[in-house]
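Peer 1: model this:
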Amino acid sequence: MMCEECGKAPATVHIERIINGRKMTMHLCRDCAQRSGLMTLGMLFQPSFSINSLMSAFLGSQLEALPATGPGAEGPRCPVCGMSYRDFARVGRLGCSRCYQVFEDRLEPLLRRIHGSDTHVGKAPAGAGEKARMRRQLEDLRKQLSRAVSDEAYEEAAKIRDRIKEVEAKLRGNPA
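Peer 2: Numbering: from 1, shown residues only. Sure thing, here's the model as predicted:
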């Protein structure tokens, strides 16, 4: 995607604004974003910038939806650290590991909105794919072996055992 401002460089800064209830999205290159004042190169390195302040800013709209005073104003509190959801939104970080369970119903939609998913899917390091595949194959073969033995299918179990030995040898770097 190319920059909407200059049309020459690839868009690397994507800014969404809500103006009069309408969502406006701008796709700019770094230089145009800096020139327009929407982003300064050093903004992420300012002493006042932190992930916590970013989270607080992001949660600000959710805070407005909570009642300001009266029952339900603070919402549930973590029994371990005493943090309320309002405290989390103000500070930008949870107080302890138990907070994740206490605020789970509010955190899941928040994580989906921020990351596009509430489940982490990591990446394997380059070159680790083949070994990981062989380990999964080994795990499957061991399950098959266990089933074959419990079903008293000993000939099948012997074949599976031999395949397990082959895969183990490949994993060790000694192809059979």
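Peer 1: now do the strands in this structure.
Peer 2: In the chain, the segments counted as strands under DSSP state E are 13-19, 22-28.
Peer 1: Throw these into CSV and include mean neighbour count, mean pLDDT and distance to Cys99, thanks.
Peer 2: All C-beta spots, glycine's among them, are computed from the backbone N, C-alpha and C. CSV is the format used below for the strands of the chain (neighbours: other CB atoms under 10 Å; pLDDT from 0 to 100; distance: least, CB to CB, whole Å):
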stretch, mean neighbour count, mean pLDDT, distance to Cys99
strand 13-19, 11, 76, 28
strand 22-28, 13, 83, 30
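Peer 1: and the ones you listed: which comes nearest Met2?
Peer 2: Nearest to Met2 among these is strand 22-28 (7.9 Å), distances taken as CB to CB.
Peer 1: that closest one: how far from the chain's middle?
Peer 2: Centroid separation for strand 22-28 versus its chain: 24 Å, with CA atoms, centre = their mean, to the nearest Å.
Peer 1: quick one: contacts of it?
Peer 2: Strand 22-28 has contacts (CB atoms under 8 Å, 6 or more residues apart in numbering) with 1-5, 11-18, 36, 38.
Peer 1: pull the most distant pair out of these.
Peer 2: Met2 and Ile18 (24.1 Å).
Peer 1: looking at Asp162 now. What's its pLDDT?
Peer 2: Listed pLDDT for Asp162 reads 96.
Peer 1: how many neighbours does it have?
Peer 2: By the criterion of other CB atoms under 10 Å, Asp162 has 11 neighbours.
Peer 1: and the one 10 residues further on, by the same measure?
Peer 2: As a burial measure, Arg172 scores 8 neighbours (other CB under 10 Å).
Peer 1: from Leu141, how far off is it?
Peer 2: Between Arg172 and Leu141 the distance is 16 Å, computed by CB to CB, to the nearest Å.
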